[in-house]
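Participant: The sequence and its predicted three-dimensional model are supplied below.
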Amino acid sequence: MPTADLANAERFERVGVAATPQLASQLRDEFAQWLGRFFELDADRSNDLILAINEALANCAEFAYVTAGAPGTMDLVARHDAAESSITVAVSDRGVWRLTDTQHDNRTRGRGIPLMRALSDVTTIETSADGTTVKMVWTNVTPR
């Protein structure tokens, strides 16, 4: 995977990345570098964004293609809206997520979606035959 272009404060985009745990981790780290380079965020707020993004990427890598029989891809697109002082992040795949934990006896699983909702100001999850997209918004984000 080529290194992400961190030179643009308005947009961070990685499209068509193989949905593997290793590349999800690399993508999370590149996103964290972009945040740190371009935005004034305290440590707690920065960690909220990074953890929520990590959860969405982990879901793509772990669950989206379980029934497909082959690895798929994931996308991460983040946009800063200067007029709104917000960052909107979309994490997408072309697979199928399990939106609720159907195995109630496993208490260590199923916390990713509630975490994403708790850590962002707005979270939506859209599913269709074409895949799943998680959109998260953080307000009061100002550039350096």
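Facilitator: That came through fine. Residues are numbered from 1 along each chain as shown.

Participant: can you give me the strands for the chain?
Facilitator: For the chain, applying DSSP state E gives strands covering 11-18, 39-40, 73-81, 86-93, 122-128, 131-139, 142-143.

Participant: Please list the residues outside the first one that contact it.
Facilitator: Residues external to strand 11-18 that are found in contact with it (CB atoms under 8 Å, 6 or more residues apart in numbering): 1, 4, 6, 23, 27, 30-31, 34, 71-80. Every residue, glycine included, has its C-beta placed from N, CA and C.

Participant: and with 6 Å instead?
Facilitator: Contact with strand 11-18 is made by A4, L23, L27, W34, P71, T73, M74, D75, L76, V77, A78, R79, as judged by CB atoms under 6 Å, 6 or more residues apart in numbering.

Participant: Pick out the most distant pair among those.
Facilitator: Greatest spatial distance in the contacts of strand 11-18: P71 and R79, 26.8 Å, computed using CB to CB.

Participant: Kindly give a single PyMOL line that selects the buried subset of the contacts of strand 11-18.
Facilitator: Command for PyMOL, covering only those of the contacts of strand 11-18 found buried under the criterion 16 or more other CB atoms under 10 Å:
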select buried, resi 4+23+27+34+73+74+75+76+77+78
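
Participant: Let me have the contacts of strand 11-18 in TSV, adding distance to L41 as columns.
Facilitator: As requested, the contacts of strand 11-18 are exported to TSV (distance: CB to CB, whole Å):
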residue	distance to L41
A4	18
L23	24
L27	19
W34	11
P71	32
T73	28
M74	24
D75	23
L76	18
V77	19
A78	13
R79	16
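
Participant: just curious, which of the contacts of strand 11-18 is nearest to R144?
Facilitator: W34 (11.7 Å).

Participant: ok, the closest residue to that closest one other than its chain neighbours to E30 distance?
Facilitator: Excluding the flanking residues, the one nearest W34 by CB to CB, 6 or more residues apart in numbering is F12, at 4.5 Å. For F12, the distance to E30 equals 8 Å [CB to CB, to the nearest Å].

Participant: between these two, who's got more neighbours?
Facilitator: Legend: neighbour count by other CB atoms under 10 Å for F12 and E30, higher for F12 (23 against 19).
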